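Colleague: Just need the structure, nothing else, for what follows:
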Amino acid sequence: MSGDAARSLNPRFPNLDPAVVEGYLQAPAGVVAEIIAGELSLLPRPRRRHARTSSRLGARLAGFDDPREGDPGGWVILDEPEIEFGPKPDVLTPDLAGWRRERCPPGFFGDDEDPTVVPDWVCEVLSPSTARTDRHRKLPIYHREGVGHAWLIDPAAHTLEVFRHTPGGWLLVATFAGAEPVRAEPFEAVALDLAALWAH
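Modeller: Prediction:
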């Protein structure tokens, strides 16, 4: 590596192509920037239906993150956190991610850098522009890094797919559809009203 190239490396991402890092750090506000397998991914910000489904799901899971009397608690749930996975790293932004509270170290909520603690749960809300990336590029990274559960929600098809981590790959434990209340791992302590996720 030439001296000029070495000096251009970002100390936060020394294993990545400087052009990829620059594109990620300078991405315009109207896109979701991620680094997947060393490549820059720029996708449009979610449209309203996508964003509404994600927001409503976060609200329905509030009893796990911000419990009141009788709520289960025990989790930290964040909207669109930028998370570094692995040593290179991959930098992904799931629509929602959750960590069991006992796994959150001191300083977890600091603003100095993106979380590097692997979440226990991630959720991706599928849209025509993101479905292929979410399903075929991001899910394998989540599995490789040991995420315990992954949800894929399709607001157009009104479906929720629930995956559990196993050593051999993701196990699809349930596919829910329609508008019935469901209990879905790892949040089965509370019935989730699917109809609320699809409402306009």
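Colleague: quick one: terminal-to-terminal distance for stretch 134-154?
Modeller: Stretch 134-154 stretches 11 Å from its first residue to its last (C-alpha to C-alpha, to the nearest Å).
Colleague: cool, and stretch 94-102?
Modeller: One end of stretch 94-102 to the other measures 21 Å (C-alpha to C-alpha).
Colleague: list the buried ones in it?
Modeller: Residues 94-99 are the ones in stretch 94-102 that count as buried (16 or more other C-beta atoms under 10 Å). Every C-beta, even on glycine, is put in place using the N, C-alpha and C of the backbone.
Colleague: so which two of these are the farthest from each other?
Modeller: 95 and 99 (15.3 Å; C-beta to C-beta).
Colleague: Show me the buried residues of stretch 94-102 that map onto helices.
Modeller: Counting by DSSP state H, the buried residues of stretch 94-102 place none of their members in helices.
Colleague: which one of those sits closest to residue 119?
Modeller: The nearest one, if we look at the buried residues of stretch 94-102 relative to residue 119 and count by C-beta to C-beta, is residue 97, at 4.2 Å.
Colleague: Give the burial count for the closest residue to that closest one other than its chain neighbours, as a bare number.
Modeller: Excluding the flanking residues, the one nearest residue 97 by C-beta to C-beta, 6 or more residues apart in numbering is residue 119, at 4.2 Å. As a burial measure, residue 119 scores 28 neighbours (other C-beta atoms under 10 Å).
Colleague: Equivalent analysis for residue 47, please.
Modeller: There are 12 residues near residue 47, going by other C-beta under 10 Å.
Colleague: nearest residue to it other than its sequence neighbours?
Modeller: In space, residue 47 is closest to residue 127, 6.5 Å off (C-beta to C-beta, 6+ apart).
Colleague: go on, residue 134?
Modeller: residue 124 (4.1 Å).
Colleague: which residues does the one you found form a beta bridge with?
Modeller: Per DSSP bridges, the residues bridged to residue 124 are residue 152.
Colleague: from memory it sits against residue 95, does it?
Modeller: Yes - counting by C-beta atoms under 8 Å, residue 95 is a contact partner of residue 124 at 5.6 Å.
Colleague: contacting residues around the longest helix that the chain contains?
Modeller: In the chain, with assignment by DSSP H, the single longest helix is helix 48-60. With contacts defined as C-beta atoms under 8 Å, 6 or more residues apart in numbering, helix 48-60 is touched by 46, 77, 79, 95-96, 123, 125, 127, 130, 153, 155-156, 190, 192-193, 196-200.
Colleague: switch the cut-off to 7 Å
Modeller: The contact list for helix 48-60 (C-beta atoms under 7 Å, 6 or more residues apart in numbering) reads 77, 79, 95-96, 123, 125, 127, 153, 155, 192-193, 196-197.
Colleague: could I get those as a markdown table with pLDDT and distance to residue 167?
Modeller: What follows is the contacts of helix 48-60, written out as a markdown table (pLDDT from 0 to 100; distance: C-beta to C-beta, whole Å):
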| residue | pLDDT | distance to residue 167 |
| --- | --- | --- |
| 77 | 95 | 26 |
| 79 | 93 | 30 |
| 95 | 95 | 26 |
| 96 | 96 | 25 |
| 123 | 98 | 22 |
| 125 | 95 | 27 |
| 127 | 90 | 31 |
| 153 | 96 | 25 |
| 155 | 92 | 32 |
| 192 | 93 | 28 |
| 193 | 91 | 33 |
| 196 | 90 | 35 |
| 197 | 90 | 31 |
